[in-house]
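[1] Predicted model follows, preceded by the sequence.
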Amino acid sequence: MPVPSNLVVKGFAFALAGTASLAAPLVLADSVDFLEPPQSAPEVTRDAGPEMAEEHAAPDTRPLARLGARLAYNDALGTVVGATVASDRLFDDRARLRFGIEASEDSLAYDLDLSMDAAGGSPVFGLGISADRSEANDLFAFDSESVRLTPRLTWDLGAGHSVASYLSFSRAEISDVSATTSALIRADEVSRTRTALGLRYSWLDRSPGQTRLGQRHDLVLELGQTSEDHEFLLVQAKSAASWSFGADTLRLTTRVSAGTIHALGGESHVGDRFVLGQASLRGFAFGGYGPRDMAVADEPALGGNSFAVARIDAQFPRAFGDAPVLPGVFVDVGTLWGLDNTAGGLAGADPVDDSAHLRASAGVSMEFDTGVGKLQLNAAVPLQKEDYDRVENFSLSFQTAF
């Protein structure tokens, strides 16, 4: 999922744990939901869970606007709060608008997305605008900021299939880099622009079968370049499906995601590479696994050019009768690897291990319907990890809509 660059608050009202890339606003790169597209990709998508079977409200009963709020805790950022406002009924139901804001002690980010069906059919024009800023923290020893503009056109192919093309224009900067951090990060202390042309294919099936609740598949191709002479090809694929068994006594959800940034020229920037955490592999902190420069004092996460992750969740809706509690168990496996330059250390003389080491975790989840919102708790234990990985055994979030 990559695009512009910045660090520590990537989406808005998206889970405080997800797959992402430093590349897109390096902000909370891990805060995008597992099935969300890269920041540069068009259209925000929904998770492929049981809600896939829900139908949209009739046009005359839909609210003019919907408000949402989110509260979460992350070891790297502390408390994170977010709010969103969205409407599907602008200009006689021809336009949709979404605005979000998210903040932590060291970061602030804004995100606005508008789509308009001006001609009454395909293609639909869309425009995304986002900006963010973050200060140095325990995870990254530098300040960062970015702003991005992404116009797009989306064609509805029918039966849940769609194709979108988009352009991404961004400016990003990292500054005040610690003099004692990795030479690989100090070399990226620049202001740069980024331009990319992308294509995205999506298939969303909300029609439940005998056991299947729904499924979603996404493929993104992106070709771009930066003012730092980095030319690249991004390929990313995501797939999710959900099933119900035994009169909904068991719900099974699978999610698979993989991506790579291939350099056609130059080297990837710290703001291009993927950074993963709780939203991809529960039990690991954001930036907690993948290439890391162990030859400097702060042992910074460097991100990786490629990743692959798979998650399996089993939930038991009737475990507590009619109580508003949804327990579950899960297993996550994945890896993050690859750098264009491995010359780490203070002087660039210490090679960094950028190999693909497998990680795995298992745990339990609990969702509580509090009446005013949903409380989500995950407890995970890493089963396979490297000695230098940073774990995060618990994650907690609360979200509500009005």
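    Nice, I can see it. Keep in mind that this is a model prediction, so the values were computed, not measured.

[2] What helix or strand is the nearest residue to L233 once chain neighbours are set aside located in?
    Once flanking residues are discounted, L233 sits nearest to H262: 4.7 Å by CB to CB, 6 or more residues apart in numbering. C-betas here are computed from N, CA, C, even on glycine. Assigned by DSSP states H and E, H262 belongs to strand 250-265.

[3] show me where pLDDT drops low in the stretch 101-250 of the chain?
    Applying pLDDT under 70 to the stretch 101-250 of the chain flags the ranges 119-120.

[4] residue with max distance from the center of the protein?
    The C-alpha centroid of the chain is most remote from G321, which lies 33.7 Å away (CA atoms, centre = their mean).

[5] so how far is R66 from that one?
    Distance, G321 to R66, using CB to CB, to the nearest Å: 31 Å.

[6] what are the pairing partners of the helix or strand hosting A69, and which direction each?
    A69 belongs to strand 66-74 when assigned by DSSP H and E. Partners of strand 66-74 in the sheet, by DSSP bridges, are strand 78-90 (antiparallel), strand 394-401 (antiparallel).

[7] got JSON lines for these, with distance to A258 too?
    JSON lines is the format used below for the strands paired with strand 66-74 (distance: least, CB to CB, whole Å):
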{"stretch": "strand 78-90", "distance to A258": "27"}
{"stretch": "strand 394-401", "distance to A258": "23"}
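
[8] Dump the ones you listed to a markdown table, plus mean pLDDT.
    What follows is these, written out as a markdown table (pLDDT from 0 to 100):
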| stretch | mean pLDDT |
| --- | --- |
| strand 78-90 | 89 |
| strand 394-401 | 88 |
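
[9] mind putting those strands in a markdown table, mean neighbour count and distance to G344 included?
    Output for the strands paired with strand 66-74, formatted as a markdown table (neighbours: other CB atoms under 10 Å; distance: least, CB to CB, whole Å):
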| stretch | mean neighbour count | distance to G344 |
| --- | --- | --- |
| strand 78-90 | 17 | 28 |
| strand 394-401 | 17 | 30 |
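
[10] What segments of the stretch 251-400 of the chain are strands?
    With DSSP state E, counting those that start in this stretch as the criterion, the stretch 251-400 of the chain has strands at 274-275, 283-284, 306-315, 325-337, 343-344, 350-351, 359-369, 374-384, 391-392, 394-401.

[11] a markdown table please, covering the ones you listed and showing distance to A136.
    Formatted as a markdown table, these follow (distance: least, CB to CB, whole Å):
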| stretch | distance to A136 |
| --- | --- |
| strand 274-275 | 16 |
| strand 283-284 | 22 |
| strand 306-315 | 25 |
| strand 325-337 | 22 |
| strand 343-344 | 19 |
| strand 350-351 | 22 |
| strand 359-369 | 26 |
| strand 374-384 | 27 |
| strand 391-392 | 20 |
| strand 394-401 | 23 |
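
[12] Wait, V333 touches A360, no?
    Yes. Counting by CB atoms under 8 Å, V333 touches A360, with 4.5 Å between them.

[13] joint contacts of those two?
    Residues touching both V333 and A360 by CB atoms under 8 Å, 6 or more residues apart in numbering: L281, Q384.

[14] which parts of stretch 148-165 are buried?
    Residues of stretch 148-165 classed as buried by neighbour count (16 or more other CB atoms under 10 Å): R148, T150, R152, T154, G160, S162, V163, A164.

[15] Go through those and name the one nearest T180.
    In terms of CB to CB, no member of those lies closer to T180 than R148, at 30.6 Å.

[16] does the closest residue to the closest one other than its chain neighbours count as helix, strand or coil?
    Leaving aside its sequence neighbours, R148 sits nearest to S170 (CB to CB, 6+ apart; 4.0 Å). Following DSSP: H, G, I helix; E, B strand; the rest coil, the label given to S170 is strand.

[17] Look up how far R66 lies from the nearest residue to L64 once chain neighbours are set aside.
    Excluding its sequence neighbours, the residue lying closest to L64 (CB to CB, 6+ apart) is R89, at 5.5 Å. With the distance defined as CB to CB, R89 ends up 10 Å from R66.

[18] Let me see the ranges of the strands in the stretch 51-200 of the chain.
    66-74, 78-90, 95-104, 107-116, 124-134, 143-158, 161-175, 191-205.

[19] So which of these is nearest Q376?
    Of all the strands of the stretch 51-200 of the chain, strand 66-74 comes closest under CB to CB, at 8.9 Å.

[20] ranking the strands of the stretch 251-400 of the chain by burial, who's on top?
    Highest mean neighbour count among the strands of the stretch 251-400 of the chain (mean count of other CB atoms under 10 Å): strand 274-275, with a mean of 32.

[21] average pLDDT across it?
    The average pLDDT within strand 274-275 is 94.

[22] Show me what that strand is packed up against.
    If you count contacts as 3 or more CB pairs under 8 Å, 6 or more residues apart in numbering; DSSP states H and E, strand 274-275 packs onto strand 20-21.

[23] and G68, bridged to which residues?
    Going by DSSP bridges, G68 forms beta bridges with T84, A401.
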